[in-house]
Every structure is written in structure tokens, then in C-alpha cells.
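1. I would like to see how this sequence folds:
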Amino acid sequence: MQEDLKTVTMQTGIPGTITLLQKGVVIHSTSGMSIREFMIKTIGLDHDYAEKRVRAIFVNGSPVDDIDGVKINDGDEISLSGALPGISGIAMCRDTPIGAFRSDISAKASDATSSGGDARIYLKLFNLIAQEAGKTLLQKGVIALAEDVRGYLKDGAPGGLPDSGPILLKI
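-> I've put the predicted structure just below:
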């Protein structure tokens, strides 16, 4: 259920937008969706893009390997990234042979606590994913704090921002 928020429209390509997406925004989804469904249906990523470009996924700080088995719940924090550098980055990416070394901290396939209900997801996008998929996400609209938008976008912040509080940010 979308709150009644002031909608603020921004231009594309404003410096600071990627930093805002890295800090995190809130989006609405449906509890019980798999991570794959979330990326495709909620964010709007192409199936091949979600499969091939999104290499590191974290749900509540735990790396995800099984994007069909791990389900989202209201209040989850989800981070999406392209490939991560170094041996630690390789270990945290999905479908890696050394992922077995982190099995104790990996998100487990499970049934969502609730299925079909509204889920507010705190979403963070990093590196190439923020650059390439950020526009798709912003076209749908995200909930961000006005003070964060102003702080990260600086002079590029859109007009009409309230002093503080949540807004619906779109391009």
C-alpha cells in the first residue's frame, strides 16, 4: 500500500543520484516474492540482466545464492551489486565455487513469513547496478527522505522538496 506522499520529480543524470541509491531508498513490493521476482517485477529489471549482471545480492546482510528460494518480507534490507573486487568480493558473489566457505552466513531458501501482503523494502544499489538500473528504479518511484535527497544531490536537488520527511522521488 503506497503512502500518501508528496511526489517530487527530478531530472536524470544529476550528480549524487548514485550515492543516494547506495545509501538506500524504500520501495513497495509483495511479501513472499522470490529475489528473482522482486528484481524483475518490482524493480523492473530484464530477466537476463537480473541473472547475468546482478552478481552480489544481500538480504539483511546475508549473501544470497538461491534467488528463487530466498523470499522477501516486509522490512527486509536488500542490496544489489555487480561483481565485487578481490577474493572477498568473489566469495560474496552468487554462483561462485568458494561460496561454500560462507555457507553459515548465507541467506537460506525459505518461505516468507507472510505471503501476498505489502512489503516495504529498504533497497540499496551499488556500482554498475546503481548506474545501469537506477533510472529504471527511479522511473517507478522510490521513497526517500527529503533531507537525504537535498544532501546527496546538492545543487541538483529538485525544487519543491519539503524541509524534511519522506517523499516519493521519481524521474
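2. pull the longest strand from this protein.
-> If you go by DSSP state E, the chain has its longest strand at strand 118-125.
3. off-centre distance for the helix or strand following that strand?
-> Using DSSP states H and E, the helix or strand that follows strand 118-125 in sequence is helix 127-140. When distances are taken as CA atoms, centre = their mean, to the nearest Å, helix 127-140 is centred 9 Å away from the chain's centroid.
4. now helix 127-140 against strand 118-125, angle please.
-> Following axes from the mean of the first three to the mean of the last three CA atoms, to 10 degrees, one obtains 140 degrees for the angle between helix 127-140 and strand 118-125.
5. re earlier: same for the longest strand of the chain, what does it pack against?
-> When contacts are defined as 3 or more CB pairs under 8 Å, 6 or more residues apart in numbering; DSSP states H and E, strand 118-125 packs onto helix 17-23, strand 25-30, strand 77-81, helix 127-140. All C-beta spots, glycine's among them, are computed from the backbone N, C-alpha and C.
6. JSON lines for these, including distance to residue 45?
-> As requested, these are exported to JSON lines (distance: least, CB to CB, whole Å):
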{"stretch": "helix 17-23", "distance to residue 45": "14"}
{"stretch": "strand 25-30", "distance to residue 45": "13"}
{"stretch": "strand 77-81", "distance to residue 45": "9"}
{"stretch": "helix 127-140", "distance to residue 45": "6"}
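7. most tightly surrounded among these?
-> Looking across those with neighbours counted as mean count of other CB atoms under 10 Å, the highest average goes to strand 77-81: a mean of 21.
8. which residues touch it?
-> In this structure, residues lying in contact with strand 77-81 by CB atoms under 8 Å, 6 or more residues apart in numbering are 24, 35, 38-39, 54-61, 72, 121-129, 133.
9. what lines up beside it in the sheet?
-> Sheet pairing of strand 77-81 (DSSP bridges) gives strand 56-59 (antiparallel), strand 118-125 (parallel).
10. bridging residues for the residue most central in space within the chain?
-> Among the residues of the chain, the one closest to the centroid is residue 123, at 3.0 Å (CA atoms, centre = their mean). In this structure, residue 123 bridges to residue 25, residue 78 when assessed by DSSP bridges.
11. confidence score at it?
-> Note on residue 123: pLDDT of 98.
12. surely it is in contact with residue 25?
-> Yes: contact between residue 123 and residue 25 holds when scored by CB atoms under 8 Å: they sit 5.9 Å apart.
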